[in-house]
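K.L.:
Fold the following.
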Amino acid sequence: MSSNFRIPSTPPYSEIGIVTIFHAVWQQKALVLFVTIGVIVATAVYAFTAAPEYQVSSVLRPAAINELDELNRSEVYQLPPGDALIKVGASLESYETRLNFFRANQALFKPFERPGRTLEQSFDVFNRDSLKLVLPDPKKSDSLSAYIGLELKYPEGIDGVSLLNKFVNYAIAAERKQIAADLRVIVRNRLIELEGKIDAARSSYKTGKDARIATLQEVDNIKRAQLQDELKALRQQIETGRQDRIAQLGEAIAIAKTLGIEKPTTPSALGEKAAGSGESNSVMRTEINNQQTPLYFIGVEALSAERTALLQRKSNDFTEGRIAQIARELQLLQSNREVEMLKQRQNEDLFLSGVEPLRAEIVRLKNLGNLDISNMKLATIDRKALEPLRPVHPKKILILAIGVLVGGILGVLAALVRIFFVTGRRSTQQELIPLLSNAVGKQLREKTKP
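P.N.:
Sure, this is the predicted structure:
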């Protein structure tokens, strides 16, 4: 038996118009208002009970040129203002600088400490979440000059203004100390280099002096040996001449004795005497010829006297003038005054060549020790941290506005959920009532059959 029962179809939810939904939600306005107020109250409680967080900032710009003029004129360490600002920025961002400041000012960081955390862990949280370095955007060229900013976020109870200003001063002082240390190292290395050059000049001078002394002594020795050789040769020559003269005189004496020549005479006189001439001996004759008179004409007496003198001679040096000159030169060679003066020099640094500029540079570098870097401005603090007028977190108005918006959305959603839940239940009831009625009627008809 076929049943005529049909479940009436329910229109799909997509066919429900916006107006219908609006009316349905409006009927649930109490629920919407309740949810909205609840969310607003919750956000208000958070906004007014959350711990406030403040923010301060400081801005640094390049120092004036005259602030770094003394350092740059040293010609040892060049530091333009822009580079000085970059160094300060690097010091501000340095983990080591921040940690050292944290350790040196622990009283300022007490609120950042948490139970169970080490000092380094507490600092790491502060360094990661609270301190931020702000740099200009390199894509924007409209900035009048370079700058470096530093922002600090801190909870209530911390003197953030003092903390940030002290940290900026600490970072600048730390970089100033680093520059002073770098300058000392550069000056020390430069002084070592210059002293090395002067030591090299001393070594070169000593080598040159020793070479000069050796050269002078060698020249004197050579000259002395040459003079001694010449003196020996002259003496040998004179002695040979003396012996030859003695031999000649002996031969002439023998001839003169044979001829009976006792006194000096001439060949003519000797000839007349041999011819028996009676001419008075008082007549003086002069004989002119171009022939050398033999030695024996001098006579035995003169020849014997000369020979005796030559045999008795102890030294022949006086017979040659050159021997006296050689003796004089040898006497002068006994001492070289230049060598003596070279050896007697007391302050040999005075004789070094080419070291005057090096000494002047050493004096200049040593005077750099008087360079006062303690007050040198590496950067200009364009804006110091100031006490903030209001906290940056929580932003109460924004939180309340978000609470109203979220509360309204959640209230509408709650109303829609309730509407769909109630509508679905009513639709089910409307479908089950006809079905139950048909079932009951069917059972009654079956019972009433004969």
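
K.L.:
Find the residue ranges of the stretch 1-150 of the chain scoring beneath the pLDDT cut-off.
P.N.:
1-17, 47, 49-50, 138-145 (pLDDT under 70).

K.L.:
What segments of it are strands?
P.N.:
53-62, 131-134, 148-155 (DSSP state E, counting those that start in this stretch).

K.L.:
Between those, which one is closest to residue 384.
P.N.:
Closest approach to residue 384 among those is made by strand 53-62 (5.8 Å; Cβ to Cβ). To be clear about C-beta, it is placed using only N, CA and C from the backbone, and glycine gets the same treatment.

K.L.:
Name the surrounding residues that touch that closest one.
P.N.:
81-82, 84-85, 88-89, 134, 145-156, 160-161, 164-165, 168, 379-388, 391-394 (Cβ atoms under 8 Å, 6 or more residues apart in numbering).

K.L.:
With residue 204 as the reference, name the closest of the strands of the stretch 1-150 of the chain.
P.N.:
strand 53-62 (47.6 Å).

K.L.:
Now do the closest one against strand 148-155, angle only.
P.N.:
Interaxial angle, strand 53-62 versus strand 148-155 (axes from the mean of the first three to the mean of the last three Cα atoms, to 10 degrees): 160 degrees.

K.L.:
filter the contacts of strand 53-62 to the buried ones?
P.N.:
81, 84-85, 88-89, 147-150, 152-154, 160-161, 164-165, 168, 379, 381, 385, 391, 394 (16 or more other Cβ atoms under 10 Å).

K.L.:
now, which of those lie within helices?
P.N.:
Among these, the members falling in helices (DSSP state H) are 81, 84-85, 88-89, 160-161, 164-165, 168.

K.L.:
Need the max-distance pair from those.
P.N.:
81 and 160 (28.7 Å).

K.L.:
picking that back up, kindly reformat the strands of the stretch 1-150 of the chain as JSON lines containing distance to residue 75.
P.N.:
Formatted as JSON lines, the strands of the stretch 1-150 of the chain follow (distance: least, Cβ to Cβ, whole Å):
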{"stretch": "strand 53-62", "distance to residue 75": "22"}
{"stretch": "strand 131-134", "distance to residue 75": "33"}
{"stretch": "strand 148-155", "distance to residue 75": "28"}
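
K.L.:
what's the closest of those strands to residue 197?
P.N.:
strand 53-62 (37.5 Å).

K.L.:
quick one, what contacts residue 85?
P.N.:
Residue 85 makes contacts with 60-63, 146, 148, 378-379, as judged by Cβ under 8 Å, 6+ apart.

K.L.:
I'd say residue 154 and residue 160 touch.
P.N.:
Yes: the criterion here is Cβ atoms under 8 Å, and residue 154 meets it with residue 160 at 4.0 Å.

K.L.:
Quick one: the helices in the stretch 251-400 of the chain, in order.
P.N.:
Counting by DSSP state H, counting those that start in this stretch, the stretch 251-400 of the chain has helices at residues 267-275, 300-312, 321-332, 337-343, 356-367, 396-447.

K.L.:
now, of those, which is deepest in the fold?
P.N.:
helix 300-312 (a mean of 15; mean count of other Cβ atoms under 10 Å).

K.L.:
Show me what that helix is packed up against.
P.N.:
Applying 3 or more Cβ pairs under 8 Å, 6 or more residues apart in numbering; DSSP states H and E, one finds that helix 300-312 makes contact with helix 160-259.

K.L.:
Can you list the low-confidence ranges for the stretch 201-350 of the chain?
P.N.:
272-291.

K.L.:
ok so, going back, closest to residue 46 among the ones in helices among the buried ones among the contacts of strand 53-62?
P.N.:
residue 160 (23.0 Å).

K.L.:
if we can go back for a sec, quick check, nearest of the ones in helices among the buried ones among the contacts of strand 53-62 to residue 52?
P.N.:
Among these, and counting by Cβ to Cβ, the member closest to residue 52 is residue 160, at 11.8 Å.

K.L.:
mind listing what that closest one touches?
P.N.:
54-56, 152, 154, 385, 388.

K.L.:
Serialize those residues to CSV and add fields for distance to residue 180.
P.N.:
Below are the contacts of residue 160 laid out as CSV (distance: Cβ to Cβ, whole Å):
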residue, distance to residue 180
54, 36
55, 34
56, 30
152, 28
154, 32
385, 27
388, 35
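
K.L.:
any weak-confidence spans in the stretch 351-450 of the chain?
P.N.:
The low-confidence ranges in the stretch 351-450 of the chain, as defined by pLDDT under 70, are 423-450.

K.L.:
again, only this time at 80
P.N.:
369-370, 374, 389, 391-396, 399, 407-408, 411, 415-416, 418-450 (pLDDT under 80).

K.L.:
how about the helices in the stretch 1-150 of the chain?
P.N.:
Going by DSSP H, counting those that start in this stretch, the stretch 1-150 of the chain shows helices at 18-27, 29-49, 69-72, 81-93, 95-104, 119-129.

K.L.:
By neighbour count, which bits of the first one are buried? Give me those.
P.N.:
When neighbours are counted by 16+ other Cβ under 10 Å, the buried residues of helix 18-27 are found to be 24-25.

K.L.:
got the angle for it vs helix 29-49?
P.N.:
70 degrees.

K.L.:
Could the C-alpha coordinates of helix 18-27 be exported in CSV?
P.N.:
Extracted C-alpha coordinates of helix 18-27, given in CSV (Å, rounded to 0.1, in the frame of the first residue of the first chain):
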residue,chain,number,x,y,z
ILE,A,18,19.5,39.8,3.8
VAL,A,19,16.4,41.6,5.1
THR,A,20,15.2,38.4,6.6
ILE,A,21,18.5,37.8,8.3
PHE,A,22,18.6,41.4,9.6
HIS,A,23,15.1,41.1,11.0
ALA,A,24,16.1,37.8,12.6
VAL,A,25,19.3,39.3,14.1
TRP,A,26,17.3,42.3,15.3
GLN,A,27,15.0,40.0,17.1
